[in-house]
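Visitor: coords please:
(one chain, ligands or ions: 1)
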Amino acid sequence: MFDYLIVGAGYAGSVLAERMAADANKKVLLIDKRPHIGGNAYDHYNDDGILVHKYGPHIFHTNSREVFEYLSRFTAWRPYEHRVLASVDGQLLPIPINLDTVNRLYGLKLDSFQLENFFDSVAEKKENIRTSEDVIVNRVGRDLYEKFFRNYTRKQWGLDPSELEPQVTARVPVRTNRDDRYFTDTYQAMPRHGYTRMFEKMLDHPNIRIMLNTDYREIERMIPFREMIYTGPIDEFFDFRFGKLPYRSLEFKHETLDPAVHQSAPVVNYPNEHSYTRITEFKYLTGQVHSKTSIVYEFPCAEGDPYYPVPRPENNEIYKKYQALAAAAANVHFAGRLATYKYYNQDQVVAQALTLYRKIIGEK
Ligand SMILES: Cc1cc2nc3c(=O)[nH]c(=O)nc-3n(C[C@H](O)[C@H](O)[C@H](O)COP(=O)(O)OP(=O)(O)OC[C@H]3O[C@@H](n4cnc5c(N)ncnc54)[C@H](O)[C@@H]3O)c2cc1C
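Guide: Sure, this is the predicted structure:
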């Protein structure tokens, strides 16, 4: 008899499996329908021996000391500050928008103080920020919005920013200094030997059994367990009773190229041309030295694996109905990005899992 059947071996499932096994001495069966652990953070060496992220670039960053220290039990780190360029009007310009972005785009020589005045002069001030369009035009005006945000968002989400809740574009700051880091979190680093190695260490415990290539529905009636922790899509768990929760998906096109370096930044965004949104070159992220280089193109699409919950008020209404069912479900706990229908970064999912663990164990 297992104490816990944990569905999904991504961050949510793996952190809970580790805590249950190592801290609470519970017997855990961790299952995933994919052929590997790590969920969307899974990385592997490709045929050319280059470490790549199968489901697109994963950059670790957090302000949470607790999360960083927790993960540090399972990995050493490689300091890494992420940088992104956007291909706009024939130039590669820093994004988030900063002083250099504006000066180079418009051929100006503003200082930080003048840039603030520039933003004030072009901003379309909104009383109520209701959409992702409002967030940006309110801060930097329409031209920068059109060049950097509008089409990128339309490609990424299949919706205009005016149809999306503010948080989508609010995630990307606007700066008046020259800081070109994508993130400003206290802890910014990549697992020195990759994410999968970190997950392997996390799950290396005699109380944890792992079953891959298995949908939980195939085994839930055959294997005895006391409680379930579910980290898959919440609508699927309840047989889509209130309808399907919409997700945005991605197709990844991985390529290995002969030159050692392909582009001048880890990620180049293509807001306006091309059907892909961005190209990532993995060696920047991993620090690997290799005579060739591997890149991935991301093509957003409606069908496919569920990656991004679509933040629209009507979808949140549907989610709330599922959430009420989840709250009433006996002996099942829901965690992670898909089960809570939220766009969470890795660190947020780890924090959520640690909190849920304390709650479950505290209740016993
Ligand atoms: C393209 C992309 C880029 C990202 N970049 C970053 C980044 O740079 N930095 C960052 O911090 N975060 C990033 N994220 C977010 C990060 O991937 C998530 O925060 C994290 O992976 C969520 O972990 P999770 O355990 O909730 O979900 P997942 O990793 O999705 O794990 C859920 C697992 O459940 C399994 N599962 C589902 N249904 C079943 C079933 N019926 N039976 C068995 N198994 C099932 C799935 O196969 C999956 O492996 C990115 C996400 C994407 C999609």
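
Visitor: Show me what stretch 342-358 is in contact with.
Guide: Identification of contacts with stretch 342-358 by C-beta atoms under 8 Å, 6 or more residues apart in numbering yields 10-12, 15-16, 19-20, 23, 41, 58, 60-62, 64, 66-68, 70-71, 167, 229, 308-309, 311, 333, 335-337, 340. Just so you know, the C-beta spots here come from the backbone N, C-alpha and C atoms, and that holds for glycine as well.

Visitor: go again using 6 Å as the cut-off
Guide: By C-beta atoms under 6 Å, 6 or more residues apart in numbering, the residues outside stretch 342-358 that reach it are Tyr11, Ala12, Val15, Leu16, Arg19, Thr62, Ser64, Val67, Pro309, Ala335, Gly336, Arg337.

Visitor: Tell me the one of those nearest the ligand?
Guide: Gly336 (2.7 Å; C-beta to the nearest ligand atom).

Visitor: what about the closest one, which SS state?
Guide: Classification of Gly336 by DSSP: H, G, I helix; E, B strand; the rest coil places it in coil.

Visitor: The one 4 residues further on too?
Guide: When classified by three-state DSSP, Thr340 comes out as coil.

Visitor: Tell me what the nearest residue to it once chain neighbours are set aside is bridged to.
Guide: In space, and not counting its chain neighbours, Thr340 is closest to Phe334: 6.5 Å by C-beta to C-beta, 6 or more residues apart in numbering. Beta-bridge partners recorded for Phe334 (DSSP bridges): Tyr230.

Visitor: Without its sequence neighbours, what residue ends up closest to the residue of the chain most remote from its centre?
Guide: Distance from the C-alpha centroid of the chain peaks at Lys109, with 35.6 Å (C-alpha atoms, centre = their mean). Distances taken as C-beta to C-beta, 6+ apart place Asn103 nearest to Lys109, at 6.2 Å, with adjacent residues excluded.

Visitor: Model confidence at that neighbour, what's the number?
Guide: Asn103 carries a pLDDT value of 98.

Visitor: Name the SS class of it, please.
Guide: helix.

Visitor: Neighbours of it, how many?
Guide: Asn103 has 18 neighbours, counted by other C-beta atoms under 10 Å.

Visitor: Could you measure from it over to the ligand?
Guide: Using C-beta to the nearest ligand atom, to the nearest Å, Asn103 is found at 28 Å from the ligand.

Visitor: same check, this time on Thr293
Guide: Distance from Thr293 to the ligand, counting by C-beta to the nearest ligand atom: 19 Å.

Visitor: How many neighbouring residues does the nearest residue to Ser162 once chain neighbours are set aside have?
Guide: Once flanking residues are discounted, Ser162 sits nearest to Glu133: 4.2 Å by C-beta to C-beta, 6+ apart. By the criterion of other C-beta under 10 Å, Glu133 has 24 neighbours.

Visitor: so where does Glu133 fall, helix or strand?
Guide: Following DSSP states H and E, one finds Glu133 within helix 132-144.

Visitor: tell me the mean pLDDT over that helix?
Guide: Mean pLDDT, helix 132-144: 95.

Visitor: Pull the distance from the following helix or strand past that helix to the chain's centre.
Guide: Remark: after helix 132-144, the chain's next helix or strand is helix 151-157, criterion DSSP H and E. The chain centre lies 16 Å from the centre of helix 151-157; the measure is C-alpha atoms, centre = their mean, to the nearest Å.

Visitor: What of stretch 110-120?
Guide: Offset of stretch 110-120 from its chain centre (C-alpha atoms, centre = their mean): 32 Å.

Visitor: Show me what the lengthiest strand in the chain pairs with in its sheet, parallel or antiparallel.
Guide: Counting by DSSP state E, the longest strand found in the chain is strand 247-257. Under the criterion DSSP bridges, strand 247-257 sits next to strand 293-301 (antiparallel), strand 308-309 (antiparallel) in its sheet.

Visitor: Least reliable of these by average pLDDT, please.
Guide: Across the strands paired with strand 247-257, strand 308-309 has the smallest mean pLDDT, namely a mean of 91.

Visitor: In the chain, where is pLDDT below threshold?
Guide: 363-364 (pLDDT under 70).

Visitor: is the ligand contacted by the lengthiest helix in it?
Guide: Ranked by residue count, the top helix of the chain under DSSP state H comes out as helix 346-363. Yes: Helix 346-363 lies within reach of the ligand by C-beta under 6 Å from any ligand atom, at Gln346, Asp347, Val349.
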